[in-house]
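Asks: Requesting a structural model of the entry that follows:
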Amino acid sequence: MPSNGSTSPVTVLGLGLMGSALASALIEAGHPTTVWNRTASKTGPLVAQGAAPADTARAAVTASDLVIVCLTTNDSVRTLLEPEAEALAGRTVVNLTNGTPAQARELASWAAAHGITYIDGGIMAVPQMIATPGAYILYSGTDETAFTTHRPTLAALADTKWVGKDPGLAALYDLSLLTGMYGMAMGVAQAFALIRSEGIPAQEFAPLLTDWIVAMTHGIVPGGAEALDTDQHLTDVSNLAMNREAFPNFTAAFAEQGLRTDLFEPLQDLLDRAVEQGHGADGFSRMSLLLRKD
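Replies: The predicted model follows:
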């Protein structure tokens, strides 16, 4: 296994926008980088930057002890890696393809059965953020020693955050963080649609919205986390019963302004169930428990 993180060779399989950004960062950091993509023409810009192109996935895999995979789906990862199982034996595969915890665990089991060290990863950045401050990648896997060994190389991509020996944890953290982001994005989309329904420019409204979201996040996130972990949901600020009574104003206003109400209707259902089940005096932290199927 490589011992010098600043010069150790690495292979990157998959050269979409993210894979190309990862390979570019490794080259810039001084790592001998072998690249492969099913569409060979995508290797061109990276070869010009100093990468070594591989004609086949097998040639790419055998070029390095560390193999980074970044494809569209984990089904594609399995399809790509299965024929190369023998060549991958004894090497470390770091899979940075977005997927589910169950998919990560399945890939880890398959890898272990073939003598392959498997580390799963979740990239918390867009391609343009790779190798810049603020970007980080979550990692998990049964072999933390392998992660520690390759950490200097992986640090060329972004800050590294080890989240545990369960291979599915990186995907769990990744999707949980993205869930918060998408929920916020949907709220922002609805807010802009509402303000613009009267011709008010979104850019005029944006500073108010930004300040409001930041202020509310400071209370909702840490406060909600503490309430969930201590199972103390009662609040004297804005309980669920109060919110249930006020909430129809939102969907009514959306309809009056010619907007769809789809995004907010499920929240009304949750508020109704919370109050009907006797949780009207609780805060929004209670909603997380109501989302469980059981």
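Asks: Now do the contacts for the residue nearest the centre of the chain.
Replies: In the chain, the residue lying closest to the centroid (CA atoms, centre = their mean) is residue 174, at 3.3 Å. Contact partners of residue 174, counting by CB atoms under 8 Å, 6 or more residues apart in numbering, are 98, 122-124, 138. Just so you know, the C-beta spots here come from the backbone N, C-alpha and C atoms, and that holds for glycine as well.
Asks: Between these, which sits nearest residue 240?
Replies: Residue 240 lies nearest to residue 124 out of these, by CB to CB, at 31.2 Å.
Asks: Bridged to the nearest residue to the closest one once chain neighbours are set aside, which residues?
Replies: Nearest residue to residue 124 in three dimensions, chain neighbours excluded: residue 136, at 5.2 Å (CB to CB, 6 or more residues apart in numbering). In this entry, residue 136 is beta-bridged to residue 124, residue 159, by DSSP bridges.
Asks: Could you do the one 4 residues further on as well?
Replies: Taking DSSP bridges as the rule, residue 140 bridges to residue 120, residue 164.
Asks: Surely it touches residue 164?
Replies: Yes: counting by CB atoms under 8 Å, residue 140 touches residue 164, with 5.1 Å between them.
Asks: quick one: which of these two has more around it?
Replies: residue 140 (29 against 16; other CB atoms under 10 Å).
Asks: For that one, give its distance to residue 211.
Replies: According to CB to CB, to the nearest Å, residue 140 and residue 211 sit 36 Å apart.
Asks: can you list the domains in the chain?
Replies: By the record's domain assignment, the chain is partitioned as 10-165, 197-290 (automatic domain parsing).
Asks: If we go by neighbour counts, what in stretch 151-167 is buried?
Replies: Within stretch 151-167, the residues scored as buried using 16 or more other CB atoms under 10 Å are 152-154, 156-158, 160, 162-164, 166-167.
Asks: Which of the residues you listed sits closest to residue 280?
Replies: Looking across the buried residues of stretch 151-167 and measuring by CB to CB, the closest to residue 280 is residue 163, at 36.0 Å.
Asks: Next one: that closest one relative to residue 120, how far apart?
Replies: 10 Å.
Asks: Ok, residue 135 next?
Replies: Residue 135 is 18 Å from residue 120, where distance means CB to CB.
Asks: More neighbours: which of those two?
Replies: With neighbours defined as other CB under 10 Å, residue 135 and residue 120 compare such that residue 120 has more, 31 against 19.
Asks: Report the mean per-residue pLDDT for the helix or strand residue 26 falls within.
Replies: Using DSSP states H and E, residue 26 sits within helix 17-28. Mean per-residue pLDDT for helix 17-28: 98.
Asks: after that helix comes which helix or strand?
Replies: strand 33-36.
Asks: Now residue 227, what are its backbone angles?
Replies: Backbone torsions of residue 227, given as degrees, to the nearest 10, read phi -60, psi -40.
Asks: what about it, distance to residue 172?
Replies: 21 Å.
Asks: for residue 69, same thing?
Replies: 19 Å.
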